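1. For reference, the sequence and a predicted model appear below.
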Amino acid sequence: MRAVLLERLRRRAGEPPRVYAHRGACRKAPENTLRAIEIALDESADGVEIDVRPCGSGELVLAHDPDLWRVAGLPRAVHETPWSVLRRVDLGGGERVALLEDAMSLVAARDALLNVEVKADVPSRLELVRALRRLWERLEPRARDRCWLSTFDPILCVALRRALPEPPCALLFDEAHPIPRVGRWLDVPLRTEGVHPRAPLVRARDLRRWHRAGRFVVTWTVDDPDEASRLASLGVDGIITDEPGRIRAALHDGSPLAH
């Protein structure tokens with residue numbers, strides 16, 4: 001099934017890029033919640049991008065920040081808060097912090113794709129990787145077969161590839177987190193199947209090189225339809241956006257793309 005997933009992640013000739021909702025439909029529901037995921041898929045997004053880190057009792061939860069201040073006004077670190085407490089935190093409109101396992105099941109039930117960004121700013125990256133491996137081993141195939149991993153941290157990327165060889169892995173990068181030696185360094189130790197550059201860093205020559213190496217290219221975070229069209233013309237495989245419905249309509253002329 002890994003080969004099937006990679007085929008889905010790579011753009012086929014004549015098709016527009018796939019559209020992935022950034023933290024779900026984060027402008028219509030609290031980010032990284034099950035409701036945000038549902039809305040994004042209702043808007044015909046091809047998939048969803050979410051952020052994952054461990055909570056205080058070890059469960060993997062959807063959370064971008066290391067603490068709850070921005071999303072809930074609480075000065076509590078996620079890694080210090082057990083799931084029994086975290087699950088009761090109101091993120092707005094009655095939406096709660098979600099477990100990664102529940103998000104994966106939801107996306108699988110809708111036959112969509114899921115990009116799990118693994119956050120590196122955690123107390124123990126080793127424990128994080130182990131928690132992901134334990135979760136992966138107990139998941140149903142339909143949930144595993146639609147998921148790929150990404151991270152900004154090259155060392156964590158190597159660890160993920162070694163511990164979890166089945167899901168594809170992509171390296172995120174931007175101006176503050178440049179890709180380490182795009183050619184040799186990336187090719188040898190990382191062996192990533194994909195790259196996730198920030199949109200302004202996508203250049204035609206780099207895109208051609210990544211594609212020649214067999215990598216899928218998903219760019220972020222693009223909310224302007226004209227910019228999305230530019231990136232589509234360059235040949236990116238996917239676009240991560242806060243506006244999945246709007247970008248989807250711009251790229252697909254309102255017609256749904258079969259998964």
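-> Nice, thanks for sending it over. Only a predicted model underlies this, so the values are computations on that prediction, with no experimental measurement involved. Residues are numbered from 1 along each chain as shown.
2. And the next helix or strand past the lowest-mean-pLDDT helix or strand in the chain?
-> None of the helices or strands of the chain scores lower by mean pLDDT, DSSP states H and E than helix 184-185, at a mean of 46. Next along the chain after helix 184-185, taking DSSP states H and E as the criterion, comes strand 194-197.
3. who does that following strand pair up with?
-> strand 169-173 (parallel), strand 216-219 (parallel) (DSSP bridges).
4. Now do the first one: everything it contacts.
-> The reference is to strand 169-173. 115, 117, 148-152, 154, 157, 160-161, 179, 186, 190, 192-198, 201, 215-216, 218, 220 (C-beta atoms under 8 Å, 6 or more residues apart in numbering). (Glycine included, C-beta is placed from N, CA and C.)
5. cool, the shortest one as well?
-> Among residues not part of strand 216-219, those counted as contacts by C-beta under 8 Å, 6+ apart are 6, 9-11, 18, 20, 115, 168, 170, 193-199, 202, 207, 210-211, 231, 235-240.
6. Take these and keep only those in strands.
-> Residues of those located in strands (DSSP state E): 18, 20, 115, 170, 194-197, 238-240.
7. Just the buried residues of stretch 224-233, please?
-> By 16 or more other C-beta atoms under 10 Å, the buried positions in stretch 224-233 come out as 227-229, 231-232.
8. List the buried residues for stretch 69-84?
-> Neighbour counts over stretch 69-84 (16+ other C-beta under 10 Å) mark 71-72, 78-79, 81, 83 as buried.
9. Kindly format the C-alpha coordinates of it as PDB.
-> Provided in PDB are the C-alpha atoms of stretch 69-84 (Å, rounded to 0.1, in the frame of the first residue of the first chain):
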ATOM      1  CA  TRP A  69      -1.700  29.800  25.600                       C
ATOM      2  CA  ARG A  70      -2.500  30.900  22.000                       C
ATOM      3  CA  VAL A  71      -5.200  28.400  21.400                       C
ATOM      4  CA  ALA A  72      -6.900  28.300  24.800                       C
ATOM      5  CA  GLY A  73      -5.500  31.100  27.000                       C
ATOM      6  CA  LEU A  74      -3.900  28.600  29.400                       C
ATOM      7  CA  PRO A  75      -0.300  28.900  30.500                       C
ATOM      8  CA  ARG A  76       0.200  25.100  30.400                       C
ATOM      9  CA  ALA A  77       2.700  23.100  28.500                       C
ATOM     10  CA  VAL A  78       1.200  20.300  26.400                       C
ATOM     11  CA  HIS A  79       3.900  17.800  27.400                       C
ATOM     12  CA  GLU A  80       3.200  18.500  31.100                       C
ATOM     13  CA  THR A  81      -0.600  18.100  30.800                       C
ATOM     14  CA  PRO A  82      -2.100  14.500  31.000                       C
ATOM     15  CA  TRP A  83      -4.700  13.500  28.500                       C
ATOM     16  CA  SER A  84      -7.300  13.300  31.300                       C
END
